[in-house]
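[1] coordinates only, sequence not included:
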DNA sequence: TCTGGGGTCCTTTTCCTT
DNA sequence: TCTGAAGGAAAAGGACCC
């Protein structure tokens, strides 16, 4: 049953949403630790062989540059996680293959990703924000949305005053810089935060859409990726203004009901999504790309070991987060980069490594295993909290399903 | 020199039941 | 018993994001 929306106190004020994006987050955290790399091209990625070599009696921030791995010496598979601005000047960017990056700048310094450290800094900067503005939505490790609408002073200069305050506090307490966009909604705030980087604050109003947003290329909008961008280009649409000029029904005709309507609304700067302060996870997964491609038959033992490890890590993840899973799935990627997934829904939720492994084994049996594999993953979905597991009385006997000794791996 | 890992959401296809 | 339609749920794939 629906009723007319009640007038909210907000009607008196203007909705002001901020998007905060930490500047080159991982790289900046590493530069705090290794200031001697400041201003130099540094990429983050790779694994153990990217570790700086410590010297006795020398504090880590005083290590000579010769002790750091160089990109040209990197071997193995992998992509760049992130790069400093100095490295980006060489054309290196996130998700670029290591070998390609090495060709662009062989002398770039290479550091392994240290997610524990980044998570720690993430917690710290988010705590600072919450101290100033309590309605915050997590968008990954280095991004948040903040609802400034009802924060005292949140309307001053369209939100610029609070944004500067947040920036200043984060810098004082962590030494890190961030860029903030403030706008009437999340979509525009996100775009605004990209307009002035690093360490910028950009304030947008609805009236700015035509002048500031429409000239931008389609792909600058969050939600328009490489595929849609290409399709738009083929239709002769290059800027967000080009999309905005299209009739909604024409967009729906070409992009479907949901996406077509979204393109129309988004290009006009419309976005009603609220800032969400809490959400439950939908799925948990673990996957790994092998150093070399493995064959289901020839490398059965090795694959089986990895498979089991993935399931054990998932069981541990589940335990830490306090969930059980009703669906278990596997993911394979072969040497042609073709990805296959297989899911199995279970009569009762599982949580321990053995049950996950057994269910995943059943899913795996249904997947093609002729080609060499480069990736193996296991995914848990339809998560439930142990207490709220639905009324499945078949829970005990269902495990008989899994007493299958002929698993392919 | 091929292309990580962990997610969300949406669409299409397949399967099952009535 | 067979067949087809319809609808829902599950499975599979794809696009996108950080």
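    Sure thing, it's come through. Quick caveat, the model's predicted, so the values are computed rather than measured.

[2] Can you list the low-confidence ranges for the stretch 301-409 of chain A?
    A:388-409 (pLDDT under 70).

[3] Close to DNA strand B: what parts of it are there?
    For the stretch 301-409 of chain A, the contact set with DNA strand B under C-beta under 7 Å from any atom of the strand comprises A:317, A:336, A:337, A:374, A:375, A:377. For glycine as for every other residue, the C-beta is placed from the backbone atoms N, C-alpha and C.

[4] Find the closest residue to DNA strand B in the stretch 151-300 of chain A.
    residue A:258 (2.8 Å; C-beta to the nearest atom of the strand).

[5] ok, how many other residues are close to that residue?
    9 (other C-beta atoms under 10 Å).

[6] Buried ones among the residues of the stretch 301-409 of chain A next to DNA strand B?
    A:374, A:375, A:377 (16 or more other C-beta atoms under 10 Å).

[7] Now, these that are in strands?
    The strands, defined by DSSP state E, take in A:374, A:375, A:377 from these.

[8] which regions of chain A lie under the pLDDT threshold?
    A:1-12, A:47-48, A:388-409.

[9] so is the residue positioned nearest the centre of it in a helix, a strand, or just coil?
    The centroid of chain A falls nearest to residue A:140 when counting by C-alpha atoms, centre = their mean (5.6 Å). Three-state call for residue A:140 (DSSP: H, G, I helix; E, B strand; the rest coil): coil.

[10] mind checking the backbone torsions on it?
    When quoted as degrees, to the nearest 10, the phi and psi of residue A:140 stand at phi 90, psi -170.

[11] what sits against residue A:219?
    The contact partners of residue A:219, by C-beta atoms under 8 Å, 6 or more residues apart in numbering, come to A:225, A:226, A:229.

[12] Let's have the residues you listed in a markdown table, adding secondary structure, neighbour count and distance to residue A:56.
    Listed next are the contacts of residue A:219 as a markdown table, based on DSSP: H, G, I helix; E, B strand; the rest coil; neighbours: other C-beta atoms under 10 Å; distance: C-beta to C-beta, whole Å:
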| residue | secondary structure | neighbour count | distance to residue A:56 |
| --- | --- | --- | --- |
| A:225 | coil | 11 | 49 |
| A:226 | helix | 8 | 49 |
| A:229 | helix | 17 | 52 |
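
[13] and which of those residues is nearest to residue A:115?
    residue A:225 (24.6 Å; C-beta to C-beta).

[14] so the residue nearest to that closest one when sequence neighbours are not counted, which of the three states?
    Distances taken as C-beta to C-beta, 6 or more residues apart in numbering place residue A:219 nearest to residue A:225, at 7.2 Å, with adjacent residues excluded. What three-state DSSP gives for residue A:219 is helix.

[15] What of residue A:347?
    Following three-state DSSP, we place residue A:347 in the strand state.

[16] Closest one to residue A:326 out of the buried ones among the residues of the stretch 301-409 of chain A next to DNA strand B, please.
    Set against residue A:326, the nearest of these by C-beta to C-beta is residue A:377 (18.3 Å).

[17] mind listing what the closest one touches?
    Residue A:377 neighbours (C-beta under 8 Å, 6+ apart): A:285, A:286, A:287, A:288, A:310, A:330, A:331, A:332.

[18] wait, isn't residue A:188 in contact with residue A:181?
    Yes: assessed by C-beta atoms under 8 Å, residue A:188 is found in contact with residue A:181 at 7.4 Å.

[19] any residues in contact with both of these two?
    residue A:204.

[20] what's near enough to touch the closest residue to residue A:91 other than its chain neighbours?
    Of all residues beyond its chain neighbours, the one nearest residue A:91 is residue A:104 (5.1 Å), with distances taken as C-beta to C-beta, 6+ apart. Listed by C-beta under 8 Å, 6+ apart, the contact set of residue A:104 reads A:90, A:91, A:92.

[21] Neighbours of the last one, how many?
    What that stands for is residue A:92. Residue A:92: 25 neighbours (other C-beta under 10 Å).

[22] Quick check, it in contact with residue A:105.
    Yes: judged on C-beta under 8 Å, residue A:92 makes contact with residue A:105 at a distance of 6.0 Å.

[23] tell me, what's touching those two both at once?
    Both residue A:92 and residue A:105 are in contact with residue A:41, where contact means C-beta under 8 Å, 6+ apart.

[24] hmm, back to that, just list what the host helix or strand of the residue of the stretch 151-300 of chain A closest to DNA strand B packs against, helices and strands only.
    Residue A:258 belongs to helix A:257-267 when assigned by DSSP states H and E. Judged by 3 or more C-beta pairs under 8 Å, 6 or more residues apart in numbering; DSSP states H and E, helix A:257-267 is in contact with helix A:240-244, helix A:248-255.

[25] Need the ones you listed in a markdown table (columns: distance to residue A:344 and mean neighbour count).
    Shown next, in a markdown table, are the helices and strands packed on helix A:257-267 (distance: least, C-beta to C-beta, whole Å; neighbours: other C-beta atoms under 10 Å):
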| stretch | distance to residue A:344 | mean neighbour count |
| --- | --- | --- |
| helix A:240-244 | 41 | 20 |
| helix A:248-255 | 33 | 15 |
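
[26] Dump these to a markdown table, plus distance to DNA strand C.
    Converted to a markdown table, those look like this (distance: least, C-beta to the nearest atom of the strand, whole Å):
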| stretch | distance to DNA strand C |
| --- | --- |
| helix A:240-244 | 13 |
| helix A:248-255 | 10 |
